[in-house]
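Peer 1: heads up, no residue letters with this:
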Ligand code: HEM
C-alpha cells in the first residue's frame, strides 16, 4: 500500500524544476567543481528556490532560500535529518564520525555527548581557556606577524583540543595535532561531495594501490590512519586519569557524567568518535586542513578559516576596521584588552563579526542532509533518499535581504539608531536536528579572537600585493577559505598593554 500511495503522490506532483541532464552523468558536467554554490545560486535565478538535479545517479534537491530550508530541514526534521549514503563509511573506518552517521540511536548519543558540554551558557565554562589562548595568539602575532596563519591555526586547534581532551598544545609540532590534521585532511578530501558521489558510483576505487595516481583513495591505508587518530587522544587522556592529572574536558564529562544513563556496550568507542568529531569538525571549519595541495604549492595549507575571512575583510575594508577600533577605544580604552563581558557594549564589533560570517560563509553549502521518506513540498515531489543541500551562499547573498551582497558592510546589521538588528545569520550553522552542536563554542572562540585582534593590531595588504590587484586565492572543498596572502599586521600605537 505504501508504494502505491508513493506512486500516486509522485504522479500528481512533479519533481522540482531544474536543468535537464545527460542520462548517466546527470548534471555533473554543468556544476562548477571548485565552487558548486555559484552554479546553484545561478540556478536559483533560473529555476527558483527549490531545484532538482542528478549527479551520477544521486538525486539532489537544492534549497536556496532560508524559508525553504526552514520549512523542510527545521519543520520536517524527522524526515530530513539523515545523511547521504556513503559507500566509504565502513571500509574507510568513518563510522565513528557524527557528521556522516545516519539519523539513528548512535547519532543521538553523539549529539547528547556534544550537548552535555557545549549547550548554550554551559559552554561558557570554556571561556577561561579561550581567553588564555587568545593571549597566546596576540603574543605570537606581535612576535612574528608574517606567520599569522600558523598562529590562527594554533589558536583554533588549541582551544578545541583543550576543551575536548584536556590536551595542551605547547608548540607547533604537537604530535596529536599532527596526527589529527593529517588524517582529517585526507578525510575531507575523501568525503568531499564530488568524491563521495564518485565512490558511490565506483566503489572499486577503494582498492587502488597507494602508489598510483589517486592512491590517496586506498581504503586500508585510510582506515589505519583513522584508527590511530581515534585512539591516540584517549591513550593520552587515560594516562592523565591514571596519574590524577586530568582536568575538565568534554571526553571526561561524557565518560563520568553520561555513562550511567547510557547502557550501550561500546560506550567508550562512542565517546571516542563523538569527541574526535568535535575536534575535527571544529578544527575543519574554524581552521581548515583540507586545502587542495595541488593548487597550493607555496603556502601552509592549514588555516583558520573564519579568522582568515576576517583578516581579508579588514584588509579590504579599512574604514570598517577603523570604525570597529574607534568603538573599542571609546568603550574599553587602551589599558586593558576586551573581554566577554564587553560583548553587549560593542555593537559595531558585533556587526563586523556577523558580516564576516555572512560575507564568505566558510561552509557555503553546509553539510548535505538526506530525506528518509518520500515527501511533497508545495507542488513538488521529493523522493526518499535524496541529498538535500542547503545553499547557505544563496541565503547569505540574497540581494533582497542584503543589498550589494558582495560588499562588506557591517552597518547592514544595525538599525537607524545604531542598535543591532535581530538577524544573527543563524543559517550559517545549518538546520534542524543536525544544526552545528559546536556553534556556541565557535562563537566564543571567533568573537574573542576578532575583538582582541582589532584592539591590538592594524591589518593591511602589503603594498606590492595591493598594487598587483590583491587577488586572493581560495581553497575550496566542503569549506571555502582564502589562502594566506601577503599582509601587514602592525601593533596599534595606542595599545599600552604589553603583548
Ligand atoms: C565558524 C565555525 C563553524 C561553522 C561555520 C560550523 C558550521 C557547521 C555546519 C554548517 C554544520 C552542518 C549542519 C547541518 O548539517 O545542517 C556543522 C556540523 C557540525 N559541527 Fe560545526 N561549525 C563550526 C564550528 C564547529 C566547532 C567549533 C565544533 C566543535 C566544537 C563543531 C562541531 C560540529 C559537529 C560535530 C557537526 C556535525 C553535526 C551532525 O551531523 O549532527 N563545529 N557545523
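Peer 2: Cool, got the structure. Computed from a prediction, not measured in an experiment: that's the story for all the values here.
Peer 1: residue contacts, residue 367?
Peer 2: Contact partners of residue 367, counting by C-beta atoms under 8 Å, 6 or more residues apart in numbering, are 83, 99, 430, 434, 478. Yep, even glycine has a C-beta here, placed from its N, CA and C like the rest.
Peer 1: separation between residue 386 and the ligand?
Peer 2: For residue 386, the distance to the ligand equals 15 Å [C-beta to the nearest ligand atom, to the nearest Å].
Peer 1: next up, phi/psi of the nearest residue to that residue once chain neighbours are set aside, please.
Peer 2: Nearest non-adjacent residue to residue 386, counting by C-beta to C-beta, 6 or more residues apart in numbering: residue 59, 4.5 Å away. Note on residue 59: backbone dihedrals following degrees, to the nearest 10 are phi -90, psi 130.
Peer 1: correct me, but residue 59 touches residue 385?
Peer 2: Yes - shown here, residue 59 and residue 385 form a contact pair, counting by C-beta atoms under 8 Å, at 7.1 Å.
Peer 1: of those two, who's got more company?
Peer 2: residue 59 (20 against 14; other C-beta atoms under 10 Å).
Peer 1: phi, psi for residue 376 please.
Peer 2: phi -120, psi 130.
Peer 1: run a quick neighbour tally on it.
Peer 2: 12.
Peer 1: what distance do you get for it to residue 15?
Peer 2: Counting by C-beta to C-beta, to the nearest Å, the gap from residue 376 to residue 15 is 11 Å.
Peer 1: residue numbers of the stretch 351-499 of the chain in contact with the ligand?
Peer 2: Neighbours of the ligand within the stretch 351-499 of the chain, by C-beta under 6 Å from any ligand atom: 362-363, 366-367, 369, 428-431, 434-438, 441-442, 446.
Peer 1: secondary structure class for residue 417?
Peer 2: What DSSP: H, G, I helix; E, B strand; the rest coil gives for residue 417 is coil.
Peer 1: and the pLDDT for it?
Peer 2: Predicted confidence (pLDDT) for residue 417: 94.
Peer 1: burial of it, as a residue count?
Peer 2: So residue 417, with other C-beta under 10 Å, has 5 neighbours.
Peer 1: same thing with residue 344?
Peer 2: Residues near residue 344, counting by other C-beta under 10 Å: 9.
Peer 1: one more: residue 420?
Peer 2: The burial count for residue 420: 15, using other C-beta under 10 Å.
Peer 1: hang on, isn't it packed against residue 414?
Peer 2: Yes - assessed by C-beta under 8 Å, residue 420 is found in contact with residue 414 at 6.3 Å.
Peer 1: any shared contact partners between these two?
Peer 2: Residues touching both residue 420 and residue 414 by C-beta under 8 Å, 6+ apart: 347, 351.
Peer 1: near the ligand, which residues of the stretch 51-200 of the chain?
Peer 2: For the stretch 51-200 of the chain, the residues in contact with the ligand (C-beta under 6 Å from any ligand atom) are 98, 99, 111, 114, 160.
Peer 1: in a markdown table, list those residues along with secondary structure, pLDDT and neighbour count.
Peer 2: Listed next are those as a markdown table, based on DSSP: H, G, I helix; E, B strand; the rest coil; pLDDT from 0 to 100; neighbours: other C-beta atoms under 10 Å:
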| residue | secondary structure | pLDDT | neighbour count |
| --- | --- | --- | --- |
| 98 | coil | 93 | 24 |
| 99 | coil | 89 | 18 |
| 111 | helix | 95 | 16 |
| 114 | helix | 95 | 23 |
| 160 | helix | 89 | 28 |
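Peer 1: farthest-separated two in the contacts of residue 367?
Peer 2: 434 and 478 (14.0 Å; C-beta to C-beta).
Peer 1: looking at these two, which one has more neighbours?
Peer 2: Applying other C-beta under 10 Å to residue 434 and residue 478 shows that residue 434 carries more neighbours, namely 24 against 21.
Peer 1: ramachandran angles for the more buried one?
Peer 2: Torsion angles, degrees, to the nearest 10, at residue 434: phi -90, psi 0.
Peer 1: try residue 480
Peer 2: Per-residue torsions, residue 480: phi -130, psi 120 (degrees, to the nearest 10).
Peer 1: spatially nearest residue to it, not counting backbone neighbours?
Peer 2: Residue 480 sits nearest to residue 364 (C-beta to C-beta, 6+ apart), 5.3 Å away.
Peer 1: can you check residue 101 too?
Peer 2: Leaving out its chain neighbours, the residue that sits closest to residue 101 by C-beta to C-beta, 6+ apart is residue 107, at 4.8 Å.
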